[in-house]
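Chemist: sequence unknown, structure follows:
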Ligand code: AMP
């Protein structure tokens, strides 16, 4: 199918051509026609599948229609709610990219962690599309600065994630401030449990679109699991992987902010161009780090789950799980940061024995076994943890040929003096 079949305004198809898109992705083919017809939607489609355009193009179509009708209103017509600042900024960038030829397009983002001044100015002026994280939008609603009385289309992006982050009451308050006649489209990995109940309350005769399930194989992403005997061994495995020649850029995940800082420090001392990214950092610094990643000044980014949401950098060749995620869904979100834009990616999980329960849960969630791998000279001395691992695995054999050369000399596990890696302490993500 080509974009022509979607009957998009010429102003939008021109922008898609300029972006180099040749044809719509599956989620775009499935969601754009009903979204443009005003239907409420429940969409499950993994990140990287082109889902942003699948709601942004219909949203921009509404903006164009209002331009033609020369209707003047105060307050935005389209509201997009996202769980994190990074995702909000990414969606805003998509709005500007796809809407680059829409005359006088006005897009504003309202996210936490940045000063109120510029946001207030943007909210006061005329506005087409508002992209917000729920908490900060609630602040502006409370002070009467945000007007949602003209919202025609409400998008809840990564709704499951927003509920996980405790935004349920905020989302309900925000939707109550929008007209009942609005169109609502919800994106979520799952529509069971609380997300399903929210959908039931907010959507009217919705159409369900399930493009490629979250548990589907990531065809472009090779997954590997390395068992580590202990923490030192895990560090040695990481050090080896980061020096492989195929490594362009790596996103290394830790479980906590503190671990992210600690590991970034350690890798920095080893000479890597590395930074950490987590929710405890001021927004300005987070933006600079992301810029460093995009411009390839950084080769390694050590991040926590929340901070890494929405990172879309095509040159990330490796995702490395140094600390396992708290939730199995996050594994899928993490590995989706590589293998973007048609490239292939490698997702490596470094697990210690005590992680076997989570490895098992991840494998059950993805209905896939993560193939085990070893590095010559760095093989685990202890046998793999059996019970959880192989409960539903078909083969316990290590894949042959997964050997990645000798252990680099002089790369003894390194731990900076005076710093201890402790599992205690703040577990802020
Ligand atoms: P998303 O799932 O919205 O995060 O999009 C993932 C990536 O796919 C982004 O880098 C988009 O720029 C890109 N993209 C979206 N739609 C298309 C398309 N039709 N053709 C090629 N790339 C696309």
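Modeler: Alright, I've got the coordinates. As the structure is a computational prediction, the values presented were derived from the model and not from experiment.

Chemist: in the stretch 251-400 of the chain, what spans have low per-residue confidence?
Modeler: Along the stretch 251-400 of the chain, the model assigns pLDDT under 70 to residues 310, 340-343, 386-400.

Chemist: which stretches of it form strands?
Modeler: Along the stretch 251-400 of the chain, the segments classed as strands by DSSP state E, counting those that start in this stretch run 274-277, 300-303, 316-321, 345-352.

Chemist: Next, the angle from the third one to strand 345-352.
Modeler: If you take axes from the mean of the first three to the mean of the last three Cα atoms, to 10 degrees, strand 316-321 sits at 20 degrees to strand 345-352.

Chemist: Contacts for strand 316-321 next, please.
Modeler: Contact with strand 316-321 is made by 221, 238, 241-242, 246-253, 293, 331, 334-335, 337-338, 340, 343, 345-351, as judged by Cβ atoms under 8 Å, 6 or more residues apart in numbering. Every residue, glycine included, has its C-beta placed from N, CA and C.

Chemist: a markdown table for the strands of the stretch 251-400 of the chain, including mean neighbour count and distance to the ligand?
Modeler: A markdown table is the format used below for the strands of the stretch 251-400 of the chain (neighbours: other Cβ atoms under 10 Å; distance: least, Cβ to the nearest ligand atom, whole Å):
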| stretch | mean neighbour count | distance to the ligand |
| --- | --- | --- |
| strand 274-277 | 25 | 18 |
| strand 300-303 | 27 | 17 |
| strand 316-321 | 23 | 12 |
| strand 345-352 | 22 | 13 |
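
Chemist: residue in the stretch 151-300 of the chain nearest to the ligand?
Modeler: Checking the stretch 151-300 of the chain residue by residue against the ligand with Cβ to the nearest ligand atom singles out residue 157 as nearest, at 9.3 Å.

Chemist: wait, isn't that residue in contact with residue 86?
Modeler: No: between residue 157 and residue 86 there is no contact under Cβ atoms under 8 Å: 11.9 Å.

Chemist: In the sheet, which residues pair with residue 131? Tell me.
Modeler: For residue 131, the beta-bridge partners are residue 80, residue 109 (DSSP bridges).

Chemist: How much space separates it from residue 365?
Modeler: When distance is defined by Cβ to Cβ, to the nearest Å, residue 131 is 30 Å away from residue 365.

Chemist: okay, the two: which has more neighbours?
Modeler: When neighbours are counted by other Cβ atoms under 10 Å, residue 131 and residue 365 differ, and residue 131 comes out ahead with 28 against 15.
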